[in-house]
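In: I'd like to go over a predicted model; first the sequence, then the structure.
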Amino acid sequence: MGTRIPFARPDGKTAEGYLSLAGKANAPGVVVIQEWWGLQDQIKGLCDRFALLGYDALAPDLFNGVVIPYHDADAAGREMNSLNFLEAADQHVRGAAQFLLRSSPKVAVSGFCMGGAVAVLAASRAPEFSAVVPFYGLPPETVAKPADVKVPLQGHFANSDDFITPAMVDAFEKGLKTAGKPAEIFRYDASHAFMNEQRSVHDRHCAELAWGRTSKFLKTHLG
């Protein structure tokens, strides 16, 4: 449904990503941020699903073509640890937003696992976004505090998660409320990465519930 495209970063360098178009003029946009496995087919499929909802969706390739097999968590961890998160947010993600805003009136950012952290970071630093939807990913408070988030937020988190623990989610939600940020946090009786239908942790019921909530949230804030 989509295709790989080049786009300009704010610093003038060229990045690449997967673009799926809604098939209508002036569609709102969503920047979709990958997990630590790279720009997997599953993330491309999510872009296609956003396009079917009526959004132009662009997933920037943060690993520059490197895709890690699901069984190799060590390699995924190494790739993630070598990523400059601030550069990813300020250049790849912001560049993707600027690309979409050439034809989209408003743009949101959504990310999964590592991408959830990058999405919150981007929504705290870039002025292009109108909403953010992180899935089971948060940046450290030393990089971006809840009070730094500039746009309405809807977060989706798993109750059985050793990466983004319930305690971390509670602290993030408390920080958002204390700062008076427009936000809603949803918790699911599922495991980390429950949206990924290519993995055994996928929970169809929770995934569809989260997708429905995301669709409603984007409709409210993007149109």
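Out: Nice, I can see it. Numbering: from 1, shown residues only.

In: now do the same contact list for V66.
Out: Residues near V66 by CB atoms under 8 Å, 6 or more residues apart in numbering: G38, E79. Yep, even glycine has a C-beta here, placed from its N, CA and C like the rest.

In: recalculate using a threshold of 10 Å.
Out: W37, G38, L39, A75, A76, E79, S82 (CB atoms under 10 Å, 6 or more residues apart in numbering).

In: again, but for D41
Out: Residues near D41 by CB under 10 Å, 6+ apart: Y18, V67, Q198.

In: could you say which helix or strand holds the residue nearest in space to the middle of the chain?
Out: Using CA atoms, centre = their mean, the residue of the chain that lies closest to the mean C-alpha position is G111, 1.4 Å off. Following DSSP states H and E, one finds G111 within strand 107-112.

In: swap in H71?
Out: With DSSP H and E as the criterion, H71 is inside neither a helix nor a strand.

In: and if you look at V133?
Out: strand 131-135.

In: quick one: stretch 161-169 to chain centroid distance?
Out: Taking CA atoms, centre = their mean, to the nearest Å, one finds the center of stretch 161-169 at 17 Å from the center of the full chain.

In: in that stretch, which residues are buried?
Out: D161, I164, V169 (16 or more other CB atoms under 10 Å).

In: measure it end to end?
Out: Criterion CA to CA, to the nearest Å; first-to-last residue distance in stretch 161-169 is 10 Å.

In: now for the residue nearest to the centre of the chain: which residues touch it?
Out: When contacts are counted by CB under 10 Å, 6+ apart, G111 touches 31-35, 43, 59, 62, 93, 117-123, 132-137.

In: go on, F186?
Out: By CB under 10 Å, 6+ apart, the contact list for F186 reads F135, Q154, G155, H156, F157, V169, C206, L209, A210, R213, T214.

In: now render those as a markdown table, adding distance to K13 and pLDDT.
Out: Converted to a markdown table, the contacts of F186 look like this (distance: CB to CB, whole Å; pLDDT from 0 to 100):
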| residue | distance to K13 | pLDDT |
| --- | --- | --- |
| F135 | 28 | 98 |
| Q154 | 31 | 98 |
| G155 | 31 | 98 |
| H156 | 32 | 98 |
| F157 | 33 | 98 |
| V169 | 35 | 98 |
| C206 | 38 | 98 |
| L209 | 39 | 98 |
| A210 | 34 | 98 |
| R213 | 36 | 98 |
| T214 | 31 | 98 |
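
In: and the residues you listed, which is closest to R49?
Out: Closest approach between the contacts of F186 and R49, by CB to CB: T214, at 9.8 Å.

In: now name the helix or strand holding that closest one.
Out: Element membership of T214, judged by DSSP H and E, is helix 204-222.
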